[in-house]
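A.B. asks: A structural model of the following input is requested.
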Amino acid sequence: MSLFKLDNVIQNYAWGSKYSINQLFGIVNPNQEPQAEIWMGAHPNGCSKVGDTGEPLSHMIDENKTDVLGGYTAARFGELPFLFKVLAAETPLSIQVHPNKRKSELGFERENALGIPLNASNRNYKDPNHKPELVYALTFYKAMNGFRPIDDIIALFEEADIPSLAIELNVLKANADSDSLKSFFSAIMSLEGDRKVSALNELYAAHARPAKTVMGREALQYSIEFKQHYPGDIGLFAPLMLNTVELAPGEAMFLFAETPHAYVQGTGLEIMANSDNVLRAGLTPKYIDVPELIDNTIFEPIKPEDIRLKPVLKEGKMSYPIPVDDFGFDILSATDESKSQYLRSAEILFCVEGEATVTSEGRTVSLKPGESVFVSSNSSVYQYQGNGILARAFN
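C.D. replies: Numbers count the residues shown, from 1 in each chain. Next up, the predicted model:
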């Protein structure tokens, strides 16, 4: 069977929204639990199933990798190389970094040798893969992504007026380079005891004062919102160091491995390399490992204007440029006219809105919002039509 609907896993993480997935896609939530993520893919922590049979997608792929994944993907990755999600954040997620491929392999091997169980709370490396990501906003979507330009970081800390951090700030001002940024970020995220209390109290005083600049108002507003959920957390300083981003529906951004980021609020589609490796530094009750995060971070600023991706209209679809081989992402418009899409890999199509049908080799699957279909590489081509929007994940 080369074309089939997926039965996907919903992850009930505490930060998830109880309502967004239901409101967007009509997926019921009888127990009123947080519905944080829908996972579409073959990751062992949340593997999709073949809708008709209940067989785990990973088993189906393993039975014939070349036919299902395509020759290149089977040889290059040996598995479905991406994980496709709906992410619905009601409260902020942790400040986090995903390690690169090499450090993921080393970290996974090291923690295995130490005998740390995969489900242990202090486990950093759940698998040997990296985790670059793309996020496509379905609703208004707030996030942080990458370091601000160093001059902006200096200006924000000067505006906030944090005397407890004067020494660290003066060092950054004297040498505004990546090494000094690393030292500055590390010092703040590692604050403890009286210095941490003093610095946070000074930040709270800045919360109470009128901001002097637009940039200052936006950064401090994020910090104020974080305080509602994580009072006393050193991560409240993060918006003064990281770019704050607000995506409108239909906008997208890319998140590189080794880049600090946090999702703050909103619902979007997320596609990433097939990994669940997360290193955390704050804004979370989960395990925090600041030294490991620092060791896996590139301390290079990102210009705010470079964060949003610029899609390209290509063969009737919106194609998003992605600088990795693990995944690709397109938005397809299904109309009354049947359109063909040729395959070079396995694909997952998710119905964002409206209705659509997907047909291949005489088999047709109908999709409504919140539903997805898997198409094996050996289908070679499929047709789609209807009156709706499909998100296409491939590699």
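A.B. asks: mind giving me the domain split of this protein?
C.D. replies: 3-144+246-306, 148-242, 332-394 (automatic domain parsing).
A.B. asks: for those, which one sits closest to residue 325?
C.D. replies: domain 3-144+246-306 (7.1 Å; Cβ to Cβ). In this view, the C-beta of every residue, glycine as well, is placed from N, C-alpha and C.
A.B. asks: and the end-to-end length of that closest one?
C.D. replies: End-to-end distance for domain 3-144+246-306, by Cα to Cα, to the nearest Å: 37 Å.
A.B. asks: follow-up on the earlier one: for the domains of the chain, which one sits closest to residue 315?
C.D. replies: The closest of the domains of the chain to residue 315 is domain 332-394. By Cβ to Cβ, the value is 8.6 Å.
A.B. asks: quick check, distance from the closest one to the centre of its chain.
C.D. replies: Computed by Cα atoms, centre = their mean, to the nearest Å, the chain-centroid distance of domain 332-394 equals 24 Å.
A.B. asks: next one: stretch 185-192
C.D. replies: Distance, stretch centre to chain centre, for stretch 185-192: 24 Å (Cα atoms, centre = their mean).
A.B. asks: before we move on, the earlier item: columns mean neighbour count, distance to residue 314 and mean pLDDT on top of the domains of the chain, output as CSV?
C.D. replies: Listed next are the domains of the chain as CSV, based on neighbours: other Cβ atoms under 10 Å; distance: least, Cβ to Cβ, whole Å; pLDDT from 0 to 100:
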stretch, mean neighbour count, distance to residue 314, mean pLDDT
domain 3-144+246-306, 19, 15, 95
domain 148-242, 17, 32, 97
domain 332-394, 19, 11, 97
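A.B. asks: so can I have TSV of those domains showing distance to residue 322?
C.D. replies: Listed next are the domains of the chain as TSV, based on distance: least, Cβ to Cβ, whole Å:
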stretch	distance to residue 322
domain 3-144+246-306	6
domain 148-242	22
domain 332-394	11
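A.B. asks: and residue 324, which of those is closest to it?
C.D. replies: Going by Cβ to Cβ, the one of the domains of the chain nearest residue 324 is domain 3-144+246-306, 5.0 Å.
A.B. asks: any idea where the strands of the stretch 1-150 of the chain begin and end?
C.D. replies: Taking DSSP state E, counting those that start in this stretch as the criterion, the stretch 1-150 of the chain carries its strands at 3-7, 9-11, 37-40, 49-50, 82-89, 95-97, 133-137, 141-147.
A.B. asks: So which residues make contact with the first one?
C.D. replies: Read that as strand 3-7. For strand 3-7, contacts defined as Cβ atoms under 8 Å, 6 or more residues apart in numbering pick out 40, 48-52, 54, 57, 348, 358-361, 363, 365, 367, 371-376, 379, 382.
A.B. asks: need the strands of the stretch 1-150 of the chain in TSV with distance to residue 255, can you?
C.D. replies: Shown next, in TSV, are these (distance: least, Cβ to Cβ, whole Å):
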stretch	distance to residue 255
strand 3-7	25
strand 9-11	19
strand 37-40	16
strand 49-50	28
strand 82-89	12
strand 95-97	10
strand 133-137	4
strand 141-147	6
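A.B. asks: which stretch among those strands comes nearest residue 231?
C.D. replies: Ranking the strands of the stretch 1-150 of the chain by proximity to residue 231 (Cβ to Cβ) places strand 95-97 first, at 15.6 Å.
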